[in-house]
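A.B. asks: For reference, the sequence and a predicted model appear below.
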Amino acid sequence: MTELETAVHAAHEAGKLLRANFNEVKEVDEALHHDLKLALDKESQELITEIILQNFTDHAIYGEEGLAGDQSSAHQWIVDPIDGTVNFFYGIPHFCISIAKRVNEELVLGVIYDPMVDELWTIEKGGQPLLNGKPVAVSPREKLEESILFVGCGKDEHALSTGLERFRKGSLKARKMRMMGSAALGMAYIACGRLDAYVESRISLWDIAAGVLMIEATGGKVDLKPHPEKDDVYSIVATNGKIPIEEIL
């Protein structure tokens, strides 16, 4: 299998696992005030890891649930085994599997899979982003008042207060605001024109890596600013490249 075929296969297999357990009682490994960790997070990542490393034995896995493979490799797979774990736990069918790959820090491949509606977004660097095999593009909307914006609030006090203030500002200017619980799906929705922008003051690389490549390949824009103290944590502004998002920042 090619790298893209491997990523797609891994996402589909993880999706089968999550669909089979969607209506079952979930084992909670860790319950935090604004987040959850499930046994299925680890199980999903282990499944994805096994599939990738069977095909590319000398590559590295960098996932939300830990590392695997050869960490000295220039070929690194970035995995979020359930993006939207809280939604999944509460029975809200809005979550996904996100798999990206970078070579020497450059993103080259991305897959986002929503197993509940069987939607698969794929992108390879230099190629056309696809949704279930058909080309997609960002929305043509240019006016904030015609746009739908997705705001994330993060998990700590500063990120929450920043996100809520942005939501307040956006509510006064945009057509609609959304807080949906999956950064990766939010970015996929921008890439195919369903949403117009996504902003969050603190988000991890595995949540957004595949989406960055997709949005930029469709002509949208992604601005990432690294966190000063935490590796691979960023503030993000992702848009269709047309609306004046600075009005709510």
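C.D. replies: Arrived safely, thanks for sending. Not measured: the values here are computed from a predicted model. Residues are numbered from 1 along each chain as shown.

A.B. asks: G110 - how many residues pack around it?
C.D. replies: 32 (other C-beta atoms under 10 Å). All C-beta atoms are positioned from the backbone trio N, CA, C, and that covers glycine.

A.B. asks: Quick check: D58 touching D70?
C.D. replies: Yes. Between D58 and D70 a contact is recorded at 5.3 Å, counting by C-beta atoms under 8 Å.

A.B. asks: Secondary structure class of the residue nearest in space to the middle of the chain, three-state.
C.D. replies: For the chain, the residue whose C-alpha lies nearest the mean C-alpha position (C-alpha atoms, centre = their mean) is A184; its distance is 1.9 Å. Per DSSP: H, G, I helix; E, B strand; the rest coil, the secondary structure class of A184 is helix.

A.B. asks: show me the contacts for it.
C.D. replies: Residues counted as contacts of A184 (C-beta atoms under 8 Å, 6 or more residues apart in numbering) are D80, D83, G84, C96, S98, I112, D207, I208, A210, G211.

A.B. asks: can I get those residues in a markdown table with pLDDT, distance to G126 and neighbour count?
C.D. replies: Below are those laid out as a markdown table (pLDDT from 0 to 100; distance: C-beta to C-beta, whole Å; neighbours: other C-beta atoms under 10 Å):
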| residue | pLDDT | distance to G126 | neighbour count |
| --- | --- | --- | --- |
| D80 | 98 | 24 | 31 |
| D83 | 96 | 25 | 29 |
| G84 | 95 | 29 | 24 |
| C96 | 98 | 24 | 32 |
| S98 | 98 | 20 | 30 |
| I112 | 98 | 18 | 28 |
| D207 | 96 | 24 | 24 |
| I208 | 97 | 20 | 29 |
| A210 | 98 | 16 | 34 |
| G211 | 98 | 17 | 30 |
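
A.B. asks: Show only the entries of the residues you listed found in strands.
C.D. replies: The members of those that map onto strands under DSSP state E are D80, D83, C96, S98, I112.

A.B. asks: which helices and strands sit right next to the lengthiest helix in the chain?
C.D. replies: If you go by DSSP state H, the chain has its longest helix at helix 3-21. Here helix 3-21 touches helix 39-55, strand 75-83, strand 96-103, strand 106-114, strand 119-124, going by 3 or more C-beta pairs under 8 Å, 6 or more residues apart in numbering; DSSP states H and E.
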